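K.L.:
I would like to see how this sequence folds:
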Amino acid sequence: MKINKYLFFLIILILFTGVSAAYFLKEDISNAFPSEKELTELVEHIMSDYPSDEIQITNAEIVASFKENNRHVVLANIYQTGFIPKEGIFELGSGAMFPVEIHFTEGENSLEMSDIISPLDGSEFSNSIQKMSRNNVLWYKALMDSQNSYNKVYNSIILKLKNHLDENEINGYNHLIDQIPGYESNIVLLRNLKNEPDGNIGIAKWYVYDNAKKEIGKVNWPHYKGIMYNEATGIVIETIFDEFPVD
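P.N.:
Model (predicted):
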């Protein structure tokens, strides 16, 4: 995998001077310096996996990019979610959220990926992230936040799923809220759920919701199956809720 070395020059310059990338683009030299968006897309391509039974969406968040020991280093948070098509609705498949360190070595006219480093598991996770962040407190916090970023990245992942559907001409997965297969009637709309990302509405069958609500105080975790409707795309994902906002 190769990347134009001028991209890293720009990012290193930004890190050391604090100048925004937007400043350079406004100066009409964007052709000489690829955007951070291109770096993000490159990292997403490198980290993508393609299970045969699901659509996997990879979302990358660049934390830092710098040169070290004659190599270019990129620190990023990777978010991966698999979606399994099912009669107009998606089931959730595999998923992961993790930080990563990617090394690039400089060739004659380009940079080539040379290594990918993942953090250690268990009790060594925090220490390995600290090492990855080079003891930079802001980088450390950003990389650790990868473990608690579901709500922050959910809508971006769903938008990428929509783009994938459009690019591959996959139809039947964008719905109006009152035309979702299997949820046309006898439903409860769950708006403003505290544990779910903004811009999404939970939907459940009334009898499923009501039966689960009757279990409050009787079981450790009252919950129920439903769907999450993304207002911006009309995409619907099967999920489980444990909030009861409707009487």
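K.L.:
domains for the chain, by residue range?
P.N.:
Segmentation of the chain into domains, based on automatic domain parsing, reads 2-167, 187-241.
K.L.:
Between the two ends of the last one, how far is it?
P.N.:
Between the opening and closing residues of domain 187-241 lies a distance of 14 Å (CA to CA, to the nearest Å).
K.L.:
In this structure G82 contacts Q56, no?
P.N.:
Yes: if you go by CB atoms under 8 Å, G82 and Q56 touch, sitting 4.7 Å apart. Any C-beta I mention is one placed from the backbone N, CA and C, and that applies to glycine too.
K.L.:
who touches both of these two?
P.N.:
Shared contacts of G82 and Q56, defined by CB atoms under 8 Å, 6 or more residues apart in numbering, are found at G93, S94.
K.L.:
Can you give the contact residues for the longest helix seen in the chain?
P.N.:
Using DSSP state H, we find that the single longest helix of the chain is helix 150-167. Contact partners of helix 150-167, identified using CB under 8 Å, 6+ apart, comprise 55, 57, 59, 61, 79, 81, 83, 90, 97, 170-171, 173-174, 196-200, 230, 232-233, 235, 237.
K.L.:
now swap in stretch 135-149 and tell me
P.N.:
Stretch 135-149 is touched from outside by 61, 63-64, 75, 77-79, 97-99, 126, 129-130, 132-133, with contacts defined as CB under 8 Å, 6+ apart.
K.L.:
Pick out whichever of those sits closest to Y183.
P.N.:
Y79 (27.1 Å; CB to CB).
K.L.:
can you pull the contacts of the closest residue to that closest one other than its chain neighbours?
P.N.:
Among residues not flanking Y79 along the chain, N59 sits closest, at 4.4 Å (CB to CB, 6 or more residues apart in numbering). For N59, the contact set (CB under 8 Å, 6+ apart) comprises E44, I78, Y79, Q80, V153, S156, I157, K160.
K.L.:
Looking at neighbours, which among these is most surrounded?
P.N.:
Counting neighbours by other CB atoms under 10 Å, the top entry in the contacts of N59 is Y79, with 23 neighbours.
K.L.:
Strands of the protein, start to end?
P.N.:
Taking DSSP state E as the criterion, the chain contains strands spanning 2-3, 55-68, 71-86, 89-106, 111-117, 187-190, 200-205, 224-230, 236-241.
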